[in-house]
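**Q** Curious how this folds, go ahead:
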Amino acid sequence: MRTTLMIHILAGGLGLLFGFVALFSVKGLKLHRKSGVLFVYAMVVMAGLGALIAAVHGGEASVIGGLLAGYLVITALTTVRPPEANPRWLAVGAMLLALGIGLASATLGFEAVSLGGNREGIPAVVLFKFATVGLLACAGDLRVMRRGVLAGARRLRRHLWRMCFALYIASASFFLGQADKFPDALRVPALLAIPAFLPLLVMFFWLWRTRRRRKSVEIRGISPQVAV
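**A** Next up is the predicted model:
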């Protein structure tokens, strides 16, 4: 188990590195694509091993967080890959996983409220946040399966919010969840909150920017489904 933990920590560190590189590199260029793919691989390893370790030690809430992070990066990657590279069973499985994550997170959230506001050290508000994201993501998966392949602004928005939220889970877990491991000089909540919440701020910026882009495309009379 010690080896598993070390691999989990290493993958988590690499995931943060590749994630922030992808977050701030020029979108669509080689550095962004390569760092994004490496971020996905690192996150899958980190999240999978983290969920395994948490399951062994009875940390149900941490299992939920690991599964959600892994689900988000995988579906973010499949969003920008050719449709023929994504088998239908993967889409169905991912949708059901998101549904399970959402329902399980909500259940744990209500249990946390009854226990005084947190479960296993994780506040109820975080569990409800995971539940909301999981259920919204499940609804998004169902919508994509019914409507078909996304393109243009819709495709970009689906990809970026999932990648950014997964990076937020990793960054918040490290900078806030492991705050006691930092030197005293750096153990300042306001300071550690900056890198922890930065992925969310960037996510909202890009969602706003792509929404403006979609509106401008519609005004010009071009279908956003074919806008790249």
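**Q** Now do the lengthiest helix in the chain, average pLDDT.
**A** In terms of residue count, the longest helix belonging to the chain (DSSP state H) is helix 189-219. Helix 189-219 shows a mean pLDDT of 80.
**Q** next one: it to chain centre, how far?
**A** When distances are taken as Cα atoms, centre = their mean, to the nearest Å, helix 189-219 is centred 14 Å away from the chain's centroid.
**Q** which strands and helices sit next to it?
**A** In terms of contacts (3 or more Cβ pairs under 8 Å, 6 or more residues apart in numbering; DSSP states H and E), helix 189-219 is packed against helix 2-24, helix 152-175. C-betas here are computed from N, CA, C, even on glycine.
**Q** just those helices: most buried one?
**A** helix 152-175 (a mean of 22; mean count of other Cβ atoms under 10 Å).
**Q** how far out from the middle of the chain is that helix?
**A** For helix 152-175, the distance to the chain centre is 5 Å (Cα atoms, centre = their mean).
**Q** got the angle between it and helix 189-219?
**A** Counting by axes from the mean of the first three to the mean of the last three Cα atoms, to 10 degrees, helix 152-175 lies at 180 degrees to helix 189-219.
**Q** and helix 152-175, what does it pack onto?
**A** helix 2-24, helix 30-56, helix 60-79, helix 124-147, helix 189-219.
**Q** mean confidence score for it?
**A** 93.
**Q** Can I get that helix in PDB, CA atoms only?
**A** Below are the C-alpha coordinates for helix 152-175, written out as PDB (Å, rounded to 0.1, in the frame of the first residue of the first chain):
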ATOM      1  CA  GLY A 152     -18.200  24.500 -32.100                       C
ATOM      2  CA  ALA A 153     -18.800  26.400 -28.900                       C
ATOM      3  CA  ARG A 154     -20.900  23.600 -27.300                       C
ATOM      4  CA  ARG A 155     -18.100  21.100 -27.700                       C
ATOM      5  CA  LEU A 156     -15.500  23.500 -26.400                       C
ATOM      6  CA  ARG A 157     -17.600  24.400 -23.300                       C
ATOM      7  CA  ARG A 158     -18.200  20.800 -22.400                       C
ATOM      8  CA  HIS A 159     -14.500  20.000 -22.700                       C
ATOM      9  CA  LEU A 160     -13.200  23.000 -20.800                       C
ATOM     10  CA  TRP A 161     -15.600  22.900 -17.800                       C
ATOM     11  CA  ARG A 162     -14.900  19.300 -17.200                       C
ATOM     12  CA  MET A 163     -11.100  19.700 -17.400                       C
ATOM     13  CA  CYS A 164     -11.100  22.800 -15.200                       C
ATOM     14  CA  PHE A 165     -13.400  21.300 -12.500                       C
ATOM     15  CA  ALA A 166     -11.200  18.100 -12.400                       C
ATOM     16  CA  LEU A 167      -8.100  20.400 -11.900                       C
ATOM     17  CA  TYR A 168     -10.000  22.200  -9.200                       C
ATOM     18  CA  ILE A 169     -10.600  19.000  -7.300                       C
ATOM     19  CA  ALA A 170      -6.900  18.200  -7.500                       C
ATOM     20  CA  SER A 171      -5.700  21.700  -6.600                       C
ATOM     21  CA  ALA A 172      -8.200  22.100  -3.700                       C
ATOM     22  CA  SER A 173      -7.300  18.700  -2.400                       C
ATOM     23  CA  PHE A 174      -3.600  19.600  -2.400                       C
ATOM     24  CA  PHE A 175      -3.500  23.200  -1.400                       C
END
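**Q** just so I know, which of the helices and strands packed on helix 152-175 lies nearest Cys164?
**A** Closest to Cys164 of the helices and strands packed on helix 152-175, according to Cβ to Cβ: helix 189-219, at 3.4 Å.
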